[in-house]
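Novice: next comes the sequence, and after it the predicted model I'd like to discuss.
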Amino acid sequence: MTVETTSKPKTVTIKNAGKKKTGLAVSIESENASPPVFAVTSECKETLAPGQSCQVSVTFTPTGTTEQTGALTINDNVIGSPQTVGLSGTGKAPKTKK
């Protein structure tokens, strides 16, 4: 992805495999990046019924050509919360015109 260009969204599917409603809170953290290089572009409802799933979409807008990392954090009311998905990407320098 070229520096300062936003990627197409990548999705993470979240499913409630339990027998009770699951409360959700989705957040994203970018390490050492200001402005943040990862962004949530779509989120799930606040609760998922048993068997229900949803997708969270994340975009990447690199600010430089070094590796940039972050985490998508999914807070819910099940054992092991929160769950995290590691995020990383490296920007490419823009092409120069000759």
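Specialist: Looks like it arrived, so ask away. Residues are numbered from 1 along each chain as shown.
Novice: for the rest of this, base every contact and every neighbour count on C-alpha atoms.
Specialist: OK.
Novice: neighbouring contacts of the helix or strand containing Thr69?
Specialist: Per DSSP states H and E, Thr69 falls inside strand 67-76. Around strand 67-76, the neighbours that count as contacts under Cα atoms under 8 Å, 6 or more residues apart in numbering are 22-31, 33, 37-38, 62, 81-91.
Novice: can you do 7 Å?
Specialist: Residues from elsewhere that reach strand 67-76, judged by Cα atoms under 7 Å, 6 or more residues apart in numbering: 22-31, 81-90.
Novice: could you do stretch 88-98 as well?
Specialist: Counting by Cα under 7 Å, 6+ apart, residues outside stretch 88-98 touching it are 1-3, 62, 64-70.
Novice: of those, which one scores lowest on pLDDT?
Specialist: Scanning these for pLDDT, the low point is Met1. It has 83.
Novice: tell me the contacts of that residue?
Specialist: Contacts for Met1 were tallied using Cα under 7 Å, 6+ apart; they are 7, 91-92.
Novice: need the CA coordinates for stretch 57-67. PDB is fine.
Specialist: The C-alpha trace of stretch 57-67 is given here as PDB (Å, rounded to 0.1, in the frame of the first residue of the first chain):
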ATOM      1  CA  SER A  57     -13.900  -4.100   8.700                       C
ATOM      2  CA  VAL A  58     -10.400  -2.500   9.200                       C
ATOM      3  CA  THR A  59      -8.500  -0.300   6.800                       C
ATOM      4  CA  PHE A  60      -4.800   0.600   6.700                       C
ATOM      5  CA  THR A  61      -3.400   4.000   5.800                       C
ATOM      6  CA  PRO A  62       0.400   3.800   6.100                       C
ATOM      7  CA  THR A  63       2.200   7.000   7.200                       C
ATOM      8  CA  GLY A  64       5.700   5.700   6.300                       C
ATOM      9  CA  THR A  65       7.700   2.900   4.800                       C
ATOM     10  CA  THR A  66       8.500   1.000   7.900                       C
ATOM     11  CA  GLU A  67       6.400  -1.800   9.400                       C
END
